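**Q** sharing a sequence plus its predicted fold:
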Amino acid sequence: MKSYSLRSPAKINLYLEIVGDRPDGFHELATVFQSIDLADLVHVRSGMQGVIQVECAAEGVPNDASNLAYRAAALMSERFPEAFAKFGGVAIEIEKRIPVAAGLAGGSGNGAAVLVGLDLAWGLGLTQGELQELAAELGSDVPFCVGGGTALATGRGEVLDPLAGVDQVWLVLAKYRSLGVSTPWAYQTYRAQFGAEYARTPEAQAARHTAAKSGPLVRSLQALAAGDRAGLSALRPLLRNDLERVVLPAHPQIAQLRDLLDRLAPLGAMMSGSGPSVFALAESASQAQEIQAAARSALPDPDLEFWVTQFSAAGIRPVNQSV
Ligand SMILES: C[C@](O)(CO)[C@H](O)COP(=O)(O)OP(=O)(O)OC[C@H]1O[C@@H](n2ccc(N)nc2=O)[C@H](O)[C@@H]1O
Ligand SMILES: Nc1ncnc2c1ncn2[C@@H]1O[C@H](COP(=O)(O)OP(=O)(O)OP(=O)(O)O)[C@@H](O)[C@H]1O
């Protein structure tokens with residue numbers, strides 16, 4: 001019976017431009033993903049009498065076939081039925097540290113962890129590209145979660161251009177515990193309100209992709225990755241998240257939190273993904289702690305949670321194995 005424990009890190013979006021519509025009903029994006037050092041632990045064990053089981057004690061996480069970790073195991077069992085039969089089923093246990101439904105790709109990361117865990121447990125030797133193709137069948141954020149680090153993504157978010165890993169950047173994450181934002185709602189509302197701005201032709205969409213790929217944010221991140229700390233202070237005006245245009249007016253609490261963090265953080269603040277998490281960038285751990293303390297005293301609400309963490313170059317990583 002083989003068992004793997006994998007770290008499944010959260011992501012933030014430093015940039016999220018909605019470029020246009022897609023024939024599949026999704027949106028064409030240009031986005032910059034960044035892994036952070038806040039991670040779930042996913043235990044994947046084969047040898048469970050031909051069934052898939054998932055267990056997670058965290059509130060709001062389903063323990064049935066709708067869990068992304070379960071869906072990942074089901075996908076692997078369909079694609080590799082001989083391995084599934086040989087090793088006899090999959091048991092998954094998730095230790096949740098990433099806040100749920102937060103815009104941090106927690107579930108997506110868990111799905112990616114199960115793909116990587118079963119590849120190892122079943123000795124399949126899949127390439128990163130093959131794992132990312134399977135990941136794309138589970139969700140738009142899942143392919144990035146496989147490799148993590150820093151990447152520019154286009155398509156639905158599944159076409160990845162990895163960038164050099166950036167580290168030594170800290171952040172404060174903040175989220176109202178009881179607030180959730182539906183990702184389909186955010187995209188549908190955006191289409192209804194701002195669809196007239198979409199790039200209509202493939203050429204116009206490609207031009208926006210190229211502009212993002214060679215734009216100032218990617219250049220600043222590359223400078224930072226090469227050790228030029230001046231790139232850090234350049235980031236503030238370059239952060240972008242188009243989904244803020246619909247989520248912030250609908251949720252004044254998130255708008256207030258985002259504005260407060262943006263005032264407190266010299267490097268700026270932004271909502272991640274479809275929210276409701278907001279992040280503020282910081283030059284050092286101590287600056288991040290100061291921002292967190294100031295935000296806590298300005299908004300003393302027990303429903304508001306904070307984390308101080310940093311950028312990470314790591315994707316899904318096994319931390320333990322037993323045979
Ligand atoms: C907001 C982000 O987290 C930013 O990284 C992602 O774009 C969403 O990624 P995700 O949660 O993995 O999304 P999926 O599970 O693939 O899709 C959820 C829903 O979001 C919408 N969606 C998602 C991605 C995309 N490029 N266009 C979309 O319109 C679709 O309505 C879809 O039904
Ligand atoms: N393994 C999982 N962990 C957390 N949520 C899960 C998981 N599997 C399915 N879900 C469902 O997915 C919903 C979104 O949770 P998740 O934590 O992945 O949100 P998110 O960070 O906004 O994701 P993304 O950024 O990929 O859209 C939850 O409300 C939950 O019902």
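**A** Right, received. Where do you want to start? Numbers count the residues shown, from 1 in each chain. Ligands and ions are numbered 1, 2, ... in the order given.
**Q** measure whatever residue of the chain ends up closest to ligand 2 to P62 for me?
**A** Residue of the chain nearest ligand 2, by Cβ to the nearest ligand atom: G107 (2.6 Å). To be clear about C-beta, it is placed using only N, CA and C from the backbone, and glycine gets the same treatment. Using Cβ to Cβ, to the nearest Å, G107 is found at 9 Å from P62.
**Q** who's more crowded, those two?
**A** G107 (28 against 13; other Cβ atoms under 10 Å).
**Q** pretty sure the more buried one contacts R71?
**A** No - assessed by Cβ atoms under 8 Å, G107 is found out of contact with R71, at 9.4 Å.
**Q** OK, contacts around the nearest residue to the residue of the chain closest to ligand 2 once chain neighbours are set aside?
**A** Of all residues not flanking G107 in the chain, L68 sits nearest, at 4.2 Å (Cβ to Cβ, 6 or more residues apart in numbering). By Cβ atoms under 8 Å, 6 or more residues apart in numbering, L68 lies in contact with 107-108, 110-111, 138-139, 142.
**Q** repeat that for 10 Å
**A** By Cβ atoms under 10 Å, 6 or more residues apart in numbering, the contact set of L68 is 54, 61-62, 94, 105-114, 138-139, 141-142, 145.
**Q** so which of those residues are in strands?
**A** 54, 94 (DSSP state E).
**Q** filter the contacts of L68 to the buried ones?
**A** Neighbour counting over the contacts of L68 (16 or more other Cβ atoms under 10 Å) leaves 54, 61, 94, 105-114, 138-139, 141-142, 145 as the buried ones.
**Q** restricted to helices, list the residues you listed.
**A** 106-114, 142, 145 (DSSP state H).
**Q** with pLDDT added, can I get those residues in CSV?
**A** Formatted as CSV, these follow (pLDDT from 0 to 100):
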residue, pLDDT
G106, 96
G107, 97
S108, 98
G109, 98
N110, 98
G111, 98
A112, 98
A113, 98
V114, 98
V142, 98
C145, 98
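**Q** next to ligand 1, which bits of the stretch 201-323 of the chain? Give me the list.
**A** Residues of the stretch 201-323 of the chain lying close to ligand 1 (Cβ under 6 Å from any ligand atom) are 273-274.
**Q** which parts of the stretch 201-323 of the chain are helices?
**A** Secondary structure of the stretch 201-323 of the chain (DSSP state H, counting those that start in this stretch): helices at 202-213, 216-225, 230-234, 244-250, 252-264, 285-298.
**Q** distance to ligand 2 for those - can I get that in JSON lines?
**A** Shown next, in JSON lines, are those (distance: least, Cβ to the nearest ligand atom, whole Å):
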{"stretch": "helix 202-213", "distance to ligand 2": "19"}
{"stretch": "helix 216-225", "distance to ligand 2": "20"}
{"stretch": "helix 230-234", "distance to ligand 2": "25"}
{"stretch": "helix 244-250", "distance to ligand 2": "12"}
{"stretch": "helix 252-264", "distance to ligand 2": "13"}
{"stretch": "helix 285-298", "distance to ligand 2": "21"}
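**Q** sounds good, over and out.
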